[in-house]
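Student: predicted coordinates and the sequence they were generated for:
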Amino acid sequence: MARKFNEENERIKRRYLEFLREAKRSDMATVDKAGEAILRFERSTGFKPFKRFHIDQAIAFKRHLSNERNARTGAPLAKATIDSTLRMVKAFVLWLAGQPGYKSRIAYADAEYFNLNAKDARIAHTARDAIYPTPEQCRHAFGLMPSTTPLQRRDKALFAFLMLTGARDGAIASLRLKSVDLVQGCVYQDAREVKTKFAKTFTTWFFPVDAAYLEAFSDWVTYLRKDQLFGPNDALFPKPLMGLKDGSFAALGLSRETYNNAGKLRAVIKEGFINAGLPAYAPHSFRKTLGLMANDHCKTPEQFKAWSMNLGHDNIATTLSAYCPVSPSRQGELIRGMG
């Protein structure tokens, strides 16, 4: 069945999404999520015109979300999902209240009815302990990864690179060979070409981790440059070159292209852990592992700052709060141990 829509709603939505993109400088992922949230709200109203908005629609939408189920798992929607959806629709209604043709129909205060109740809001914003691998688990999984074929070598080098840099998977997917300096032991993440968070340009120096990681990654870069004759603008972790083999579509080797997103690279890392009998840790979890390793390597505030900068953080507090949490009981242990 064709999707229902309201032409007038579509026009004002396009203007709002353009506002997010051009005026608020939101990235496309954020813009897309806002569009999905607004569409979700429209569905709950039967695609009624936004000019006929009433606070009862906001109240009913909250009730609708609380009863909705996750399409994949069948479980109720997480409070965090409900909260973020409501926040995005609230922001849209606030903007709408200031637009010609809507000012007389929607009050700014109407948007407040999209607020989650205080109890559910606390649940939505409660920090959860992120699961992450220990350095020993990483070394175990890495050691079991095969390295016979070019793609297997790529996958193992990818694992090594994550331990060496803690780079975000989106950035890794877009990296090219010219970003890597094996002599200096660093990678230059140029936001003009690399998909870094907040389009930030910075240099990451290889972390002091097990030498096996540097060896595997260095061998991979040398293999690409000398054996595969890859140039500076070719992918650091390329897609497979697909073609016909024995009448079937198969990987024939390595292309020179980067991946459009990190989906495949995430799957590679998760599979590496699963094959080692461990939980399916994602690439981002390496950042937590490396963040906690700072406790073993950093002895001065200056060293902590350098470690934080290496993870792409401007403020050391970001690293400490995100990757080095201290429970109240541990707080007591640490303070008592300082005497």
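Tutor: Now that the structure is in, tell me what you want to look at.
Student: domain assignment for this protein?
Tutor: Domain assignment for the chain, taken from automatic domain parsing, gives 7-124, 135-284.
Student: quick one, what contacts Ser179?
Tutor: Contact analysis of Ser179 by Cβ atoms under 8 Å, 6 or more residues apart in numbering lists Val187, Tyr188, Gln189, Asp190, Val194, Leu236. To be clear about C-beta, it is placed using only N, CA and C from the backbone, and glycine gets the same treatment.
Student: what separation do you get for the second one and Lys197?
Tutor: Tyr188 sits 16 Å away from Lys197, taking Cβ to Cβ, to the nearest Å as the criterion.
Student: next: the third one.
Tutor: For Gln189, the distance to Lys197 (Cβ to Cβ) stands at 10 Å.
Student: quick one on the thing from earlier: between Tyr188 and Lys197, which one's more packed in?
Tutor: Taking other Cβ atoms under 10 Å, Tyr188 and Lys197 do not tie; Tyr188 has more neighbours (16 against 13).
Student: hang on, that one packs against Thr203?
Tutor: Yes. The pair Tyr188 and Thr203 passes the contact test of Cβ atoms under 8 Å, sitting 5.2 Å apart.
Student: where does pLDDT dip in the stretch 201-339 of the chain?
Tutor: 339 (pLDDT under 70).
Student: now do the helices in this structure.
Tutor: 7-18, 28-45, 55-67, 79-96, 118-124, 135-144, 150-165, 169-174, 211-222, 263-275, 285-297, 301-310, 316-323, 328-336 (DSSP state H).
Student: out of these, which is closest to Val180?
Tutor: Smallest distance to Val180 across the helices of the chain (Cβ to Cβ): 5.8 Å, for helix 211-222.
Student: next, the angle from the closest one to helix 135-144.
Tutor: 40 degrees (axes from the mean of the first three to the mean of the last three Cα atoms, to 10 degrees).
Student: show me what helix 211-222 is packed up against.
Tutor: Packing partners of helix 211-222 (3 or more Cβ pairs under 8 Å, 6 or more residues apart in numbering; DSSP states H and E): helix 135-144, helix 150-165.
Student: show me which positions of the first one end up buried.
Tutor: Going back to what we said before, that points to helix 135-144. Gln137, Cys138, Arg139, Ala141, Phe142 (16 or more other Cβ atoms under 10 Å).
Student: export that helix to PDB, keeping only CA atoms.
Tutor: Extracted C-alpha coordinates of helix 135-144, given in PDB (Å, rounded to 0.1, in the frame of the first residue of the first chain):
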ATOM      1  CA  PRO A 135      43.400  -6.100  26.500                       C
ATOM      2  CA  GLU A 136      43.900  -9.800  27.100                       C
ATOM      3  CA  GLN A 137      40.600 -10.600  25.300                       C
ATOM      4  CA  CYS A 138      41.700  -8.400  22.400                       C
ATOM      5  CA  ARG A 139      45.100 -10.100  22.100                       C
ATOM      6  CA  HIS A 140      43.400 -13.600  22.200                       C
ATOM      7  CA  ALA A 141      40.900 -12.700  19.500                       C
ATOM      8  CA  PHE A 142      43.600 -11.100  17.400                       C
ATOM      9  CA  GLY A 143      45.800 -14.100  17.700                       C
ATOM     10  CA  LEU A 144      43.100 -16.400  16.300                       C
END
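Student: and Leu162, what is it in contact with?
Tutor: Per Cβ under 8 Å, 6+ apart, neighbours of Leu162: Ile172, Ile269, Pro283, Phe286.
Student: correct me, but the last one touches Met163?
Tutor: This points to Phe286. Yes. Counting by Cβ under 8 Å, Phe286 touches Met163, with 6.3 Å between them.
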